[in-house]
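Asker: How does the following fold in three dimensions:
(2 chains)
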Amino acid sequence: MADQTINSEALKTGDISAAVDYLKAQYPDAISDDTREGYNGIIIARDQLVEVARAMRDDLGFDYLSNAAAVDYLGIEDSMEMVYHAYRTSGGAALAFKAQTPRAQAEIPSLIEVWPGADFQEREAYDLHGIAFPGHPNLRRILLWDGFDGHPLRKDWQEAYYEEDHKPFESRWPKGFVRRAEELNIYGKNVKYPADLDLNSLADTSEESVYANMGLGVDVQQLDNGDELQTDKLVVNLGPHHPSTHGVFRMVVTLNGETVEKLEPVMGYLHRNHEKIGERNAWLHNMPFTDRLDYISSMSNNLGYALAVEQLLARGARYQPPTYRAEVVRVLMVELTRIVNHFWAIGFLLNDLGAFFTPALYAINERELILDFFEAVAGSRMMCNYMRFGGIYKDLPERIHAVANLVNDKMRDYDTMDYLVELINERIPRAVDQLDQYLTDSEIIRARTIGVGYLPKEMAIAYSAAGPLLRASGVSYDVRRADPYSIYPELDFDVAVRYNGDIYDRYLIRLDEMRESLRILRQLLPRLEVTHGEPIMPGGKQGPYMPRVPIGESYGHVENPKGELGYYVVSAGDAKGTQNPWRYHVRAPSFINLTALGQMCRGHKVADIVAILGSIDIVLGETDR
Amino acid sequence: MSQLDLRELHSTEFPVPADMQSNVAITSLSKIYNWSRRSSMWPMLFGLACCAIEMIATAASRYDTARFGMEVMRATPRQSDLMIVSGTVTKKMIVPIVRLYNQMPEPKYVLAMGACASGGGPFKEGYNVVSGIDQYVPVDVYVPGCPPTPQALLNGLIALQKRIDGQSLGNMDDVPWYGVGPSDPVPVPILGPDIIDPRQMEMIRAQAERAASGESYGTRELPAAAMDVIAPRTEAAARPAQAPAAAEVATDDPDRAEALRKREEALARKRARQAAQNLDS
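Answerer: Residues are numbered from 1 along each chain as shown, chains lettered A, B, ... in the order given. I've put the predicted structure just below:
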């Protein structure tokens, strides 16, 4: 017995190949290697998927399902597959596994029993790819509305404004006549209707399924004098237009009195078809679109996408990794972004707690200074579009001066390094301390947040929570340490972790992370001085505008301010390498963190929902994509 | 807070002694009416996407819309004068937006902030994206940008104020809410197989009948010369790949004709090359 224990411990921390060997020995019929060129991981027969997944979690310690993405291989293999990436929260690389299904009557067993975090991701695959997941208790559309015609991410589905399969399109000005997409549509709008449109029942039925499982009814309480008190349960909609929901997010809540009995997140109000557009764009065209995912932290989004595509490019012959200067500037930008995001998150958490806008004004004051820096470097305050495959778009300028932002009618003009030094050593630490001083011991904040929205450690892992949400529940998991990228291995910082898993700890951990980011930034300043003037792209020139990317798949993930942001990209269809991604999937932390929202809110008062949501810190651009 | 300066309101036709000008103003009803409306324009607290972040930054301390009397963001449409549509309008969201717009009391204004709200922006081709809020509700001011900087938004707000200044109580077309009463509510779109605009119901019905009788859905008529170019392209997928000859170009300017002819030739060569590649693979 003792031997077995040691053995299983070794398995749980061992490398991926040992784990794969173990699975192959246990399930010889179910598992085969993925031998396609450029692919890795294993393919699991779908009838044994749940069994194998359970063995992965229990025997091998892959307790964290990070990503589940569907891919439609129409015209290549005529099948669809689900790709999963499972991790150990103790660290290490991903175990990628896949399950395939024919396109007609696509069905893959649900993994929700093994990893409840698969919930929303499977619903998304059902919605956009039309894969059914037997065993999923709530398999409804999630981003689009109930009644929508078709599954848009299937390769044979075309939207109303369809022009060509791939960009760049031919000229939009044939013979000098400008042509816009709506001019070719008879309705003049972005709509198309199926041929069998039933004109007699044009009623909006999209809301019915939302309320179907809300558990309405009469609640009966026994009173002291023997009578019964009967109360109706009440369904309340918070959103999509609600001042607290951080965008157009909607929660349908069943209330018993003031207590939440059930909460159902309804999303998709900002579903702007990021992935469908991304599969038509050329590889580099997607870079500015990633800005608009989590639009508060665009620089980090850029980095994740660049890493994913660089993994693919690295398979090509002429690939050169990013230069050291580029890596330093990348990390500089990403950590500044983290600070921007956490300022924003804390400010608006206070908003949600009822301190309307005044704390937010303080919190986002210093943010403006960072945005000025971004504007001077990348050209835009928010949508920076700064990273490139193999480096960055432009080096830091020598001086930062802005004509647009006048201060007392004076143009501001600083030396870049002086500006950064003051920002990192003076202004931001002061602002962080100020927040800490004003908020941390506030009686009201403590009363409203301590013990509210509790997420236990096991549940945080099971629900695939990421980022501050996960770390505030006592899991010391940070992609920068668990699966390091860029120059993080040589930087000295701690993974902030808190153990109570409530709103208060999620607030505190953001302060901690800002301080850790400042620690990283201080280490970057001398590196910036040393690498001054070095090339920002390998070879010293800009990379190609339309790179051909070798075929294969890759999953690049970074620790975004909101959690693990992953990009699953597939290059397929052209043996010489492709100019457009075949599949472009975003593992959005805001989206997946919401899986646990219903659990966290149950039993709390309705006013706490808003605070709990604020403590998760979602951004709808990323949630709905 | 902007300080009240009575001279802003003063009409020059009526002389007021210079030493009284800061105490007394003689003005028209329209002017004082517009002045008070433009100086207390309450926007709806309503953010859609990325632009909402810049809208918040505009309202925050650095740019400070309070300078224009616009800092009072109301969370309910019933207390607001201005809807800043700050972000991508999706088909799923247009239904609540139209409802919100209908609930705003008149006079009401709409400002389309950013590329998405003005015309779909970078996401225009998306299947769930509405190509601009003006497809459903009337827009007063468009602010370009992705996202517009706070300065650009302020410029748009000032443009709106100027627009209000131009309205006259003497002309009922300018202030229809006093003349003919409140405007009709915008019909709320329906989420069917795709979004259905009730105003287009007749057209949808006619098209569905065409489809039921086996005819193809109609397409829109463009100028004949443009249709010549578009028609082959929309059918290009079905057509056998062959290199079309450079088409005849009708234009008066010889230089332009030459340029167009060269362009056509280059395009023809490109198509031929592509066709050859397709045959190879």
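Asker: where does the chain have low pLDDT?
Answerer: In the absence of a named chain, chain A is used. In the predicted model of chain A, residues A:1-11, A:13-14, A:171-172, A:174-175, A:201-202, A:243-245, A:402-411, A:540 satisfy pLDDT under 70.
Asker: meant chain B actually
Answerer: Chain B contains residues with pLDDT under 70 at B:1-4, B:215-252, B:277-281.
Asker: could you redo the last one with a cut-off of 80?
Answerer: Applying pLDDT under 80 to chain B flags the ranges B:1-14, B:21-22, B:71, B:170-183, B:207-264, B:266-267, B:269-281.
Asker: ok, and the residue of chain A most remote from its centre, which helix or strand is that part of?
Answerer: Distance to the chain centre peaks in chain A at A:N225, reaching 53.4 Å (criterion: C-alpha atoms, centre = their mean). Per DSSP states H and E: A:N225 is located in neither a helix nor a strand.
Asker: Give me the neighbour count for A:F249.
Answerer: Using other C-beta atoms under 10 Å in any protein chain shown, A:F249 is surrounded by 26 other residues. All C-beta atoms are positioned from the backbone trio N, CA, C, and that covers glycine.
Asker: does it really touch A:G621, like I thought?
Answerer: No. Contact criterion C-beta atoms under 8 Å: A:F249 and A:G621 do not qualify, at 11.2 Å.
Asker: which residue ranges form the helices in the stretch 101-250 of chain A?
Answerer: Per DSSP state H, counting those that start in this stretch, the stretch 101-250 of chain A carries helices over the ranges A:118-129, A:208-212.
Asker: Go through those helices and name the closest to B:D174.
Answerer: Closest approach to B:D174 among the helices of the stretch 101-250 of chain A is made by helix A:208-212 (42.8 Å; C-beta to C-beta).
Asker: does any bit of the closest one sit next to chain B?
Answerer: No. Residues of helix A:208-212 contacting chain B under C-beta under 8 Å from any C-beta of the partner chain: none, with a closest distance of 11.3 Å.
Asker: so how far is B:S118 from the residue of the stretch 51-200 of chain B found nearest chain A?
Answerer: With C-beta to the nearest C-beta, the shortest gap between the stretch 51-200 of chain B and chain A falls at B:G126, namely 3.1 Å. Distance, B:G126 to B:S118, using C-beta to C-beta, to the nearest Å: 15 Å.
Asker: Which one's more surrounded, these two?
Answerer: Shown here are B:G126 and B:S118; by other C-beta under 10 Å, B:G126 has more neighbours (27 against 22).
Asker: How about the more buried one, nearest residue that isn't a chain neighbour?
Answerer: Using C-beta to C-beta, 6 or more residues apart in numbering or on different chains and skipping the chain neighbours, the partner closest in space to B:G126 is A:N273 (3.1 Å).
Asker: same thing with A:L528?
Answerer: A:V328 (6.0 Å).
Asker: What about that neighbour, how many residues nearby?
Answerer: Other residues close to A:V328 by other C-beta under 10 Å number 24.
Asker: what packs against the helix or strand where it lies?
Answerer: Assigning secondary structure by DSSP H and E places A:V328 in helix A:324-352. Here helix A:324-352 touches helix A:298-313, helix A:358-363, helix A:365-378, strand A:391-392, helix A:428-439, helix A:503-530, helix A:606-616, going by 3 or more C-beta pairs under 8 Å, 6 or more residues apart in numbering or on different chains; DSSP states H and E.
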